[in-house]
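S.K.: Predicted model and sequence below, questions to follow.
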Amino acid sequence: MRLLVILLVGALVPVVPGTAHAATPAADVRGMWLWTRPSAVDAVAFAAQRRVKEIFVHVPTSPDVPYLRELRQRASAAGIKLAALGGETSWTTDHAAALAWQRAALGTGLFDAVHVDVEPYLLPEWQTAQATLAQQYLNLLGKLAAATTKRVEADVPFWLGQLTVGRKNLATEVLSRVDAITVMSYRNTVTGPNSVMDIGRDFLTRAAAARKPARLAVETQPLAECAHCTFSGMSAATLDRALTSIDTTGNATSTGYAGVAVHHYDSWRSLA
C-alpha cells in the first residue's frame, strides 16, 4: 500500500452498479495487513495481543498453501479471521487476472473474505484517461463481488468522494459494488483538522447511508514525504491509545464505523 497524493477532481463516465452481498465486520474489530511471511506463531501471537480480529493476508498468484494452512490453524485457535489480500494496479484493466487470483486464493478454503487493494490512480494513464480507468475499476469490483459469496472488501483513499462518475459520486459507486471498505485515513492525530476522523468522515457518512461497514486505517511505516500521515517513530503505546480513541469516536459519531485497521504487521511490530 502506498501513500496517496493524487488530488485531482474529474468528471467520469457513468457505470452500472453491481450487486454486492451483505457481511458486516463489527465495530471495535481491529484489522491488520500482512504482506510478508513471518513466523505464523509470531504473527498470530502479535495480532492476538493487540486485539486484532482479522488479518489481511497477502496471497500470491500461486498460494503458498503450507504457510497459509498453519496461519489459518493458529488464527482460528485465537479467534482471528483471515482475509485473502491481493491487489495489482494492473488489475484495473486485467479483470481476468484478478478473477483468477481470487479463485486460486479462495480455492484453498482457508479464507473468510477477500480484501482487495487495487489503486487505479497510480497508473500513468489516470492523468489522461481517468474516466475509462474509473469505469474499469468499478466494473472490476462488481465482478469480484459477483464471483463469490464471501465478503469482498476494498481499500479506498479517503478523497475518493471528491470525484464523480457522470453525475454520481465515485465513492458512493464503489460502496454499491462491495460489501465493505477500509478507508486509508492515514494521519497520526485522531480528531481535529486533517486528522483520522476528519478525513475519514466523508466515507463514514456515505457508508452509513449505504448501510455498508467502513473501517478506518492508520499507517505505521515510515513516510518521508508525509510525516503527519504515519505513526512511524512513535511508541506502540501512543498508537494503542490512538486506536482506542478512534474506536470511541467512530462508534459515537457514525453507524457506518466498523473498526480500525493497521498497516502493516512488520512496521507496527517495529514501533518502540
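M.R.: The structure has been received and is ready for your questions.
S.K.: Confirm residue 83 sits in a strand?
M.R.: Yes: assigned with DSSP: H, G, I helix; E, B strand; the rest coil, residue 83 falls within a strand.
S.K.: Show me what it is bridged to.
M.R.: residue 56, residue 113 (DSSP bridges).
S.K.: Surely it is in contact with residue 53?
M.R.: No: with contact defined as CB atoms under 8 Å, residue 83 does not reach residue 53; the gap is 11.0 Å. (Each C-beta comes from the backbone N, C-alpha and C, glycine too.)
S.K.: Spit out the residues that contact these two alike.
M.R.: Common neighbours of residue 83 and residue 53 (criterion: CB atoms under 8 Å, 6 or more residues apart in numbering): residue 31.
S.K.: out of the two, which sits in the more crowded spot?
M.R.: Neighbours per residue (other CB atoms under 10 Å) separate residue 83 from residue 53, with residue 83 holding more: 27 against 19.
S.K.: The more buried one and residue 146: what is the separation?
M.R.: Distance of residue 83 to residue 146, given as CB to CB, to the nearest Å: 18 Å.
S.K.: swap in residue 120?
M.R.: Distance of residue 120 to residue 146, given as CB to CB: 19 Å.
S.K.: if you count what's nearby, which of those two comes out ahead?
M.R.: A count of neighbours by other CB under 10 Å puts residue 120 above the other of residue 120 and residue 146, at 21 against 14.
S.K.: if I read this right, the more buried one contacts residue 133, doesn't it?
M.R.: Yes: using CB under 8 Å, residue 120 is in contact with residue 133, at 4.7 Å.
S.K.: hey, where'd the strands end up in the stretch 51-200 of the chain?
M.R.: 52-58, 81-86, 113-116, 151-157, 164-165, 168-169, 180-184 (DSSP state E, counting those that start in this stretch).
S.K.: for the last one, packing partners?
M.R.: This means strand 180-184. On a contact count with 3 or more CB pairs under 8 Å, 6 or more residues apart in numbering; DSSP states H and E, strand 180-184 meets strand 151-157, helix 196-210, strand 214-219, strand 257-263.
S.K.: Show the backbone phi and psi for the closest residue to residue 189 other than its chain neighbours.
M.R.: Leaving aside its chain neighbours, residue 189 sits nearest to residue 195 (4.3 Å; criterion: CB to CB, 6 or more residues apart in numbering). When read as degrees, to the nearest 10, the backbone of residue 195 gives phi -110, psi 180.
S.K.: i'd like the first residue to be 313 from this point on
M.R.: In the new numbering, first residue 313, that becomes residue 507.
S.K.: Is there a neighbour count for residue 507? I'd like the number.
M.R.: Using other CB under 10 Å, residue 507 has 19 other residues around it.
S.K.: so it touches residue 513, yeah?
M.R.: No: look at residue 507 against residue 513 with CB under 8 Å: they stay out of range, at 9.7 Å.
S.K.: relative to strand 569-575, how tilted is the helix or strand hosting residue 561?
M.R.: Residue 561 is located in helix 548-565, with elements delineated by DSSP states H and E. Computed with axes from the mean of the first three to the mean of the last three CA atoms, to 10 degrees, the direction of helix 548-565 lies at 160 degrees from that of strand 569-575.
S.K.: Extract the C-alpha set from helix 548-565 and format it as PDB.
M.R.: Output in PDB follows, covering the C-alpha atoms of helix 548-565 (Å, rounded to 0.1, in the frame of the first residue of the first chain):
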ATOM      1  CA  ALA A 548       3.500   1.400  20.400                       C
ATOM      2  CA  ALA A 549       1.600   2.800  23.500                       C
ATOM      3  CA  THR A 550       0.900   6.000  21.600                       C
ATOM      4  CA  LEU A 551      -0.600   4.100  18.700                       C
ATOM      5  CA  ASP A 552      -2.600   1.900  21.000                       C
ATOM      6  CA  ARG A 553      -4.100   5.000  22.700                       C
ATOM      7  CA  ALA A 554      -4.900   6.400  19.300                       C
ATOM      8  CA  LEU A 555      -6.700   3.200  18.200                       C
ATOM      9  CA  THR A 556      -8.800   3.200  21.300                       C
ATOM     10  CA  SER A 557      -9.700   6.800  20.700                       C
ATOM     11  CA  ILE A 558     -10.600   6.100  17.000                       C
ATOM     12  CA  ASP A 559     -12.900   3.300  18.200                       C
ATOM     13  CA  THR A 560     -14.500   5.500  20.800                       C
ATOM     14  CA  THR A 561     -15.000   8.400  18.400                       C
ATOM     15  CA  GLY A 562     -16.100   6.300  15.500                       C
ATOM     16  CA  ASN A 563     -18.700   4.400  17.400                       C
ATOM     17  CA  ALA A 564     -20.100   7.700  18.900                       C
ATOM     18  CA  THR A 565     -20.300   9.500  15.600                       C
END
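S.K.: Fine by me, thanks again.
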